[in-house]
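*Asks:* Structure of the sequence below:
(one chain, ligands or ions: 1)
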Amino acid sequence: MNNNITLLEHKVSPEEREKIKGHKAFCIWLTGLSGSGKSSIANELDSRLTSMGFHSFLLDGDNIRRSLNKDLGFSKKDREENIRRLAEVVKLFVDSGLILITSFISPFEKEREYARSIIGSERFAEVYIKVPIGICEARDSKGLYEKARNGDLKEFTGIDSPYEEPHNPEIIIENLDGTKIPDHIDSIINYLLSGKIIKAKNPQ
Ligand code: ADX
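*Replies:* Numbers count the residues shown, from 1 in each chain. Here you go, the predicted model:
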């Protein structure tokens, strides 16, 4: 730690930001295999929250890996660094008052728990998009499972790189055939309503 650096204390309080936005600051952290539907669910949730008049935003793994984290690959070490940086970035978004939705595979329990501790467990919900690997592989929307099976893509999650299932996620979504996304969004919205993160007053 550099002794010549002093942290600036923010003059604006979280409560002041909450009052302006009309909702609490929060992180909805989606985790699951490639092809489980994280990005589609995250995008729909962002769209639903926006149409309800709340201020949400979405950070997606593929997008971040083309920008901020384009120097990282898919070794265990690089995936850990990916999530370590992202936890800090997400914290900044949540500190700014937003409802931040993330869609990263985030395969390791330790890094997900690290993200929870950095962001704050009272402002964090882990949502496990639970889909058997056989279904993700059959979908293979990006053709990556085929490449991994052929040996053209190394360290692919679920094939030759592990995915650790969440021990105790706040929400489990079984996105088996991809047709029930509106219902899955309802479940997450209901969770936010019952936790008083958002209020029902805004029209849907
Ligand atoms: S994580 O494991 O570090 O959390 P992240 O969510 O950022 O992964 O990126 C995953 C995305 O990168 C996948 O959706 C997929 O499109 C792409 N990808 C490319 N190579 C791999 C790989 N070896 N394993 C998993 N995903 C990969």
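*Asks:* Identify the single longest helix in this protein, thanks.
*Replies:* helix 76-95 (DSSP state H).
*Asks:* got the buried residues for it?
*Replies:* By 16 or more other Cβ atoms under 10 Å, the buried positions in helix 76-95 come out as Arg79, Glu80, Glu81, Asn82, Ile83, Leu86, Ala87, Val90, Lys91, Phe93, Val94. Placement of C-beta: from N, CA and C, glycine included.
*Asks:* That helix packs against which elements?
*Replies:* Other helices and strands packing on helix 76-95, by 3 or more Cβ pairs under 8 Å, 6 or more residues apart in numbering; DSSP states H and E, are strand 26-31, strand 56-60, helix 61-65, strand 99-103, helix 109-119.
*Asks:* near the ligand at all, that helix?
*Replies:* Yes: residues of helix 76-95 are located near the ligand by Cβ under 6 Å from any ligand atom, namely Arg79, Asn82.
*Asks:* Kindly export that helix (C-alpha atoms) in PDB.
*Replies:* Extracted in PDB, the C-alpha atoms of helix 76-95 (Å, rounded to 0.1, in the frame of the first residue of the first chain):
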ATOM      1  CA  LYS A  76      -7.200 -20.200 -13.800                       C
ATOM      2  CA  LYS A  77      -5.000 -17.300 -12.900                       C
ATOM      3  CA  ASP A  78      -6.400 -15.100 -15.700                       C
ATOM      4  CA  ARG A  79     -10.000 -15.900 -14.800                       C
ATOM      5  CA  GLU A  80      -9.300 -15.000 -11.200                       C
ATOM      6  CA  GLU A  81      -7.800 -11.700 -12.300                       C
ATOM      7  CA  ASN A  82     -10.800 -11.200 -14.600                       C
ATOM      8  CA  ILE A  83     -13.200 -11.500 -11.700                       C
ATOM      9  CA  ARG A  84     -11.000  -9.600  -9.200                       C
ATOM     10  CA  ARG A  85     -11.000  -6.500 -11.600                       C
ATOM     11  CA  LEU A  86     -14.700  -6.900 -12.300                       C
ATOM     12  CA  ALA A  87     -15.600  -7.000  -8.600                       C
ATOM     13  CA  GLU A  88     -13.900  -3.600  -8.300                       C
ATOM     14  CA  VAL A  89     -15.600  -2.200 -11.300                       C
ATOM     15  CA  VAL A  90     -19.000  -3.500 -10.200                       C
ATOM     16  CA  LYS A  91     -18.500  -2.000  -6.800                       C
ATOM     17  CA  LEU A  92     -18.000   1.400  -8.400                       C
ATOM     18  CA  PHE A  93     -21.200   1.100 -10.400                       C
ATOM     19  CA  VAL A  94     -23.100   0.000  -7.300                       C
ATOM     20  CA  ASP A  95     -21.500   2.900  -5.300                       C
END
